[in-house]
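Q: Build me a model from this:
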Amino acid sequence: MRVELQQWLRSHWDDMDGNDRARLPKQTAYLTPGGAGITSMREAYEHWLKILMMVSGFVLLIVCANVANLMLVRGMERRQQTSLSMALGARRSRLIVPALTESVVLSIFGGAAGLAVAFAGTRLILHLAFPSVTASPIGASPSMPVLFFAFGISLITGVAFGIAPAWMATRADPVEALRGANRSTRQGSLPRQTLVVLQAALSLVLLSASGLLTAALRNLEHQDFGFEQDRRTVVNIDPVLAGYRPAQLESLYRGIHDSLASIPGVSSVASCLYSPQSGDRWNDSIYVEGRPAPGPTDDNSSSWDRITAGYFETVGNPIVKGRPISDRDTATSPHVAVINEAFARKFFKNEDPIGKHFGRTDIQTAGEFEVVGVARDARHLTDNLQHPIGAFFFLPESQSPLFAKAAFNVGEARSHFLHDIVIRTEAGVKLQEAQVRHVLAGVDPNLPVARMQSLDEQVAGNFSQQRLIARLTSLFGILALVLPSIGLYGVTAYNAGSRTMEIGVRMALGATRGNVLALILRGALIQIALGLALGVPLTVAAGRFLGSQLYGINRHDPVVMVMATLALGVSGLTAALIPALRASGIPPIAALRAE
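A: Numbering: from 1, shown residues only. Predicted coordinates:
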């Protein structure tokens, strides 16, 4: 394939300019197995999917820690029975099997419940990803390999986190059976406290990641795009499917403009090759009059759009210097262009661009277009949102230059088939789709109208991927807030229960309810503090992984970190306070009789 590509390129040697010939040795071909998927989609979603895998992995670890704590507590409750069994000669393996069986059964039922959630969850994810689509061609059922993988993970983690607590329970000294294994004044075993600390640390990471992604999404959606979105509607048409020829297009656009402008409440109408944030783009190489041709490594590219008169007023993109494209820019008048500020900085640095000339495609066209206006920078394109707005220029639909190469003329003719109509309405007026379709059918009943949506809906649609990831991460963040709280509640309740007699003695000797409350809470607060201390460096590392996905926000944003810490701290404190209050309310006489 590479040999064929090089031979074909060299057969067009005479059609190339100096830059094309210099780049020729670098041209190559790559083959990718079709089963690996579509490369561009994989590249677009790969990083987000890795983030989701990391987040779901953290949630899995938190759940495993909770299950391990549960099994540890059950093992502690059976410690006297275990010690007695071992004193009577029971083998350790025989004692592990019942606990391991419980863990496996728990995993199987949990995995089965997860499969049911998976089928419902995929439909929910499709709805979140494509909220405006009523019927998606994507199958909503999870694939069997993924289901088996998830079910297998639940089983493996259940076994792994069930064996360790069961094995620890069998380490009990048989002598404890004679001494009363349930009598203890200890705060609780180190493994259980360590698991709570681990849960808190992982939860802080997830909460921070959720906060960062949500803040980045808010910045994306509410950034200054450079154009107005309110009261703007975009109608997508296709003159090609209606059989129009280039010579018929100008009268078509004039008829569309006049018909739509006659609708009550419509302020202005303009057509364009593609509207802002539509996801389409045309690029060309730029050659400035009076300057040498750029070298093969120079960046002389610019995006561009073809528009009708009134476009800048309709989309709310102000002209900062010169004039916009207007009705006086006809097919017989000098060819003009309006550039954006980034174009002026890139090609006319420290110069007044008004009156300058440039061309596209090759150096012979360097004097083709005269710059008559400079528009404020606006984010027309949907990619590279993390980078500054690039060079952009606008050409009038009515003007069409002729090129020496026939291939360029084909592309030039194709660029006059404008696809988008932007309609600006007066305040309080809402366009009805049926009304717009009826008016367009009056212009030409064969003109297909693909879709109609507001400009803000079009803009918002470009962030559906980020919105989906932010929502899913927020869901995981909520789980990460609830699960450690449950774990801390369980450990605190068990510790308080195991110290009932101690609490009774303390209260009998004069300890107040506040003293008992502080005694129970102290251990819980220490665990929360250690978890937060461990979670901070993990959160910093997670911020680095999120990296370029955090638009307009510091990956170590202190506000997000503080909010996540407070949320986790308050949740943990609430979870620990409930069993502490219950323990401090036990009457001393009842506490002394507990054992």
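Q: Scan the helices and strands of the protein for the one with the lowest mean pLDDT.
A: Within the chain, no helix or strand scores below helix 176-179, which has a mean of 54 by mean pLDDT, DSSP states H and E.
Q: Could you report the separation of Arg544 from Asp14?
A: Separation of Arg544 from Asp14 (C-beta to C-beta, to the nearest Å): 51 Å. From N, CA and C alone the C-beta is placed, and that goes for glycine too.
Q: Likewise for Val240?
A: Taken as C-beta to C-beta, the span from Val240 to Asp14 is 32 Å.
Q: Pick out whichever of the two has more residues nearby.
A: Val240 (11 against 5; other C-beta atoms under 10 Å).
Q: Not counting sequence-adjacent ones, nearest residue to the more buried one?
A: Once flanking residues are discounted, Val240 sits nearest to Phe417: 5.5 Å by C-beta to C-beta, 6 or more residues apart in numbering.
Q: Could you list every helix and strand that the helix or strand containing Val197 packs against?
A: In this assignment (DSSP states H and E), Val197 forms part of helix 190-221. Contacts defined by 3 or more C-beta pairs under 8 Å, 6 or more residues apart in numbering; DSSP states H and E place helix 190-221 against helix 39-77, helix 464-498, helix 513-546, helix 558-584.
Q: Which among those helices is found nearest to Leu447?
A: helix 464-498 (28.7 Å; C-beta to C-beta).
Q: CA-only coordinates of the very next helix or strand once past that closest one, as CSV, when you get a sec.
A: Following helix 464-498 in sequence order, the next helix or strand is helix 500-508 (DSSP H and E). C-alpha atoms of helix 500-508 as CSV (Å, rounded to 0.1, in the frame of the first residue of the first chain):
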residue,chain,number,x,y,z
THR,A,500,-20.8,-1.4,76.1
MET,A,501,-19.5,-2.7,79.4
GLU,A,502,-16.6,-0.3,79.4
ILE,A,503,-19.1,2.6,78.8
GLY,A,504,-21.2,1.4,81.7
VAL,A,505,-18.2,1.4,84.0
ARG,A,506,-17.2,4.9,82.9
MET,A,507,-20.7,6.3,83.4
ALA,A,508,-21.0,4.6,86.8
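Q: Which parts of helix 500-508 count as buried, going by neighbours?
A: Of the residues in helix 500-508, 500-504, 506-507 count as buried by neighbour count, 16 or more other C-beta atoms under 10 Å.
Q: for Phe369, phi and psi?
A: Per-residue torsions, Phe369: phi -120, psi 140 (degrees, to the nearest 10).
Q: OK, contacts around it?
A: With contacts defined as C-beta atoms under 8 Å, 6 or more residues apart in numbering, Phe369 is in contact with 335-337, 357-360, 393, 395.
Q: and it, what pLDDT?
A: In the predicted model, Phe369 carries a pLDDT score of 96.
Q: and what of Phe227?
A: Predicted confidence (pLDDT) for Phe227: 95.
Q: hang on, isn't it packed against Pro276?
A: Yes: here Phe227 reaches Pro276: they are 5.3 Å apart, a contact under C-beta atoms under 8 Å.
Q: out of these two, which sits in the more crowded spot?
A: Higher neighbour count among Phe227 and Pro276: Pro276, with 26 against 23, using other C-beta under 10 Å.
Q: Wasn't the more buried one part of a helix?
A: No: under DSSP: H, G, I helix; E, B strand; the rest coil, Pro276 sits outside any helix and is assigned coil.
Q: Now do the phi/psi pair for it.
A: The phi/psi pair for Pro276 (degrees, to the nearest 10) is phi -60, psi 140.
Q: so who does it touch?
A: Pro276 touches 225, 227, 315, 317, 378-380, 455, 458-459, counting by C-beta under 8 Å, 6+ apart.
Q: Which among these count as buried?
A: Buried among these by 16+ other C-beta under 10 Å: 225, 227, 315, 317, 378-380, 455, 458-459.
Q: Spatially central residue in the chain, please.
A: Gln466 (2.4 Å; C-alpha atoms, centre = their mean).
Q: Looking at it now. What's its pLDDT?
A: 84.
Q: Chain neighbours aside, what residue packs nearest to it?
A: In space, Gln466 is closest to Leu217, 5.1 Å off (C-beta to C-beta, 6+ apart).
Q: quick one: pLDDT of that neighbour?
A: For Leu217, pLDDT reads 87.
Q: repeat for Asp456
A: In this prediction, Asp456 carries a pLDDT score of 93.
Q: number of nearby residues for it?
A: 16.
Q: Centre of the chain to the host helix or strand of it, how far?
A: Assigned by DSSP H and E, Asp456 falls within helix 455-461. On the basis of C-alpha atoms, centre = their mean, to the nearest Å, helix 455-461 is displaced by 16 Å from the centre of the chain it belongs to.
Q: cool, and stretch 267-287?
A: Averaging C-alpha positions (C-alpha atoms, centre = their mean) puts stretch 267-287 26 Å from its chain's average.
Q: Please point out which parts of that stretch sit buried.
A: Counting neighbours by 16+ other C-beta under 10 Å, stretch 267-287 gives 268-278, 282, 284-287 as buried.
Q: how's this structure carved up into domains?
A: 1-31, 37-223+465-592, 239-447 (automatic domain parsing).
Q: weakest of those domains by average pLDDT?
A: Minimum mean pLDDT among the domains of the chain: domain 37-223+465-592, a mean of 80.
Q: and Val374, helix, strand or coil?
A: Here Val374 is recorded as strand under three-state DSSP.
Q: what are the bridge partners for it, then?
A: Counting by DSSP bridges, Val374 is bridged to Lys321, Ile339.
Q: Looks like it contacts Pro353 (just checking).
A: Yes: using C-beta under 8 Å, Val374 makes contact with Pro353 at a distance of 6.1 Å.
Q: what's the overlap in contacts for those two?
A: Listed as contacting both Val374 and Pro353 by C-beta under 8 Å, 6+ apart are 321, 339, 344.
Q: Including neighbour count and distance to Gly35, could those go into CSV?
A: Output for the shared contacts of Val374 and Pro353, formatted as CSV (neighbours: other C-beta atoms under 10 Å; distance: C-beta to C-beta, whole Å):
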residue, neighbour count, distance to Gly35
Lys321, 17, 53
Ile339, 30, 45
Ala344, 24, 48
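Q: Isn't Gly504 up against Ile586?
A: Yes: contact criterion C-beta under 8 Å: Gly504 and Ile586 qualify, at 7.2 Å.
Q: Could you report the neighbour count for Gln435?
A: Neighbours of Gln435 using other C-beta under 10 Å come to 12.
Q: One more: Gly355?
A: Neighbour tally, Gly355, other C-beta under 10 Å: 9.
Q: can you start the count at 656 instead of 1 from here on
A: All right, first residue 656 from here; so that's Gly1010.
Q: Surely it is within a strand?
A: No: Gly1010: not assigned to a strand; according to three-state DSSP it is coil.
Q: In contact with it, which residues?
A: 1025-1026.
Q: re earlier: which of the buried residues of stretch 922-942 sits closest to Gln662?
A: Gln662 has its nearest neighbour among the buried residues of stretch 922-942 in Ser940, at 25.0 Å by C-beta to C-beta.
Q: Setting aside sequence neighbours, what's the nearest residue to that closest one?
A: Ser940 sits nearest to Asn955 (C-beta to C-beta, 6+ apart), 5.2 Å away.
Q: Am I right that the one you found is in contact with Tyr942?
A: Yes: if you go by C-beta under 8 Å, Asn955 and Tyr942 touch, sitting 7.1 Å apart.
Q: what is in contact with these two at once?
A: Pro949.
Q: Save the helices and strands packed on helix 845-876 as CSV, and put in distance to Asn674 too.
A: Shown next, in CSV, are those (distance: least, C-beta to C-beta, whole Å):
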stretch, distance to Asn674
helix 694-732, 26
helix 1119-1153, 35
helix 1168-1201, 38
helix 1213-1239, 46
